[in-house]
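# Quick one: sequence and predicted model below, then my questions.
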Amino acid sequence: TNLNCSSNPKLHPVIELLKTCSSFKHIESTYAFMFKTNANDNCFFMNQFVTACSTFRRIDYALLAITQMKKPNLFVYNAMIRGFVHCSSLIQALQLYLEMLRAHICPISYTFSSIVKGCALISAFQFGESVHGNNLKYGFASHLFVQTTLVDFYSSLCKMMEARQVFDEMPESEVFAWTTMVSTYARVGNLGFARRLFDETPERNCASWNTIIDGYNKQYIDALAIFNEMNSHGISSDEVTMATIISACAHIGALNFGNGNSSLCNAK
């Protein structure tokens, strides 16, 4: 039966088949059904199909299916790029991004966040910079999610000037962006900047405190002092906190402090 384009695509049998796929064999049989019903040229269904393939880490099969489409749209490209990144096929993700631009398909925020993540994973600084430029060109300069991804990208490469510039341009910052900046300053040895930025962080959760405590992992007295400060703010510690603190205690011989907090950790 051919796909009825006037019907609600979310109710089409293809969607139910893709939702219930529990193995790659099911993916193959679903695609056979899609091909038979002409659903394989429908961008909505192919978007879902690509996502299902990436779940089973068979983005190669999704790519073969996409080549059969007459005109894949933006959402199919986004699904493929996201799938390539998820499956660690990072060079292919970058190549598909370039192909998308050559096809005059305008990227959106999800495109940029996926491709920037891919650039970070293979330390592709120059490519990432060009993606950043396109992000500005297409009007996503103030998009919080993309900016946070860019901060993480530059920080992962210890490009502090670029990371700080993006961070300072953010109209508002998520806890993750603040924590990433604190972590990177600490990693490059600038504990003064790390502590100052941590103190300015508007919302500090357990992960934020863990980051600054870990930043002082060679300055054990300071790490313990920050841990006490964390407790005084009523922030509950977790296993990561306790592992760092017990290690600090072991290095400075603060056995009573370490034993007491080990009991606290076990009680949790």
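Here it is on my side, so go on. Residues are numbered from 1 along each chain as shown.
# my read: residue 45 touches residue 12, true?
Yes: counting by Cβ atoms under 8 Å, residue 45 touches residue 12, with 7.1 Å between them. Heads up, the C-betas are built off the backbone N, CA and C, glycines and all.
# Report the contact partners of residue 60.
The contact partners of residue 60, by Cβ atoms under 8 Å, 6 or more residues apart in numbering, come to residue 89.
# how close does it sit to residue 21?
16 Å (Cβ to Cβ, to the nearest Å).
# try residue 184
Noted for residue 184: a distance of 40 Å to residue 21, by Cβ to Cβ.
# Neighbour count for these two, which is higher?
Ranked by neighbour count (other Cβ atoms under 10 Å), residue 184 and residue 21 place residue 184 first, with 27 against 18.
# Name the helix or strand for that one, please.
helix 175-187 (DSSP states H and E).
# now swap in residue 30 and tell me
Counting by DSSP H and E, the element that carries residue 30 is helix 24-36.
# Need the contact partners of that helix.
If you take Cβ under 8 Å, 6+ apart as the criterion, helix 24-36 is touched by 13-14, 17-18, 20-21, 39-40, 45, 49, 52-53, 56, 58, 61, 65, 68.
# again, only this time at 7 Å
Under the contact criterion Cβ atoms under 7 Å, 6 or more residues apart in numbering, helix 24-36 has outside partners 14, 17-18, 21, 40, 45, 49, 52-53, 56, 58, 61, 65.
# buried residues in stretch 176-188?
Buried residues in stretch 176-188, counted by 16 or more other Cβ atoms under 10 Å: 177-187.
# for stretch 234-249, same thing?
By neighbour count with 16+ other Cβ under 10 Å, stretch 234-249 contains the buried residues 235, 237, 241-242, 244-246, 248-249.
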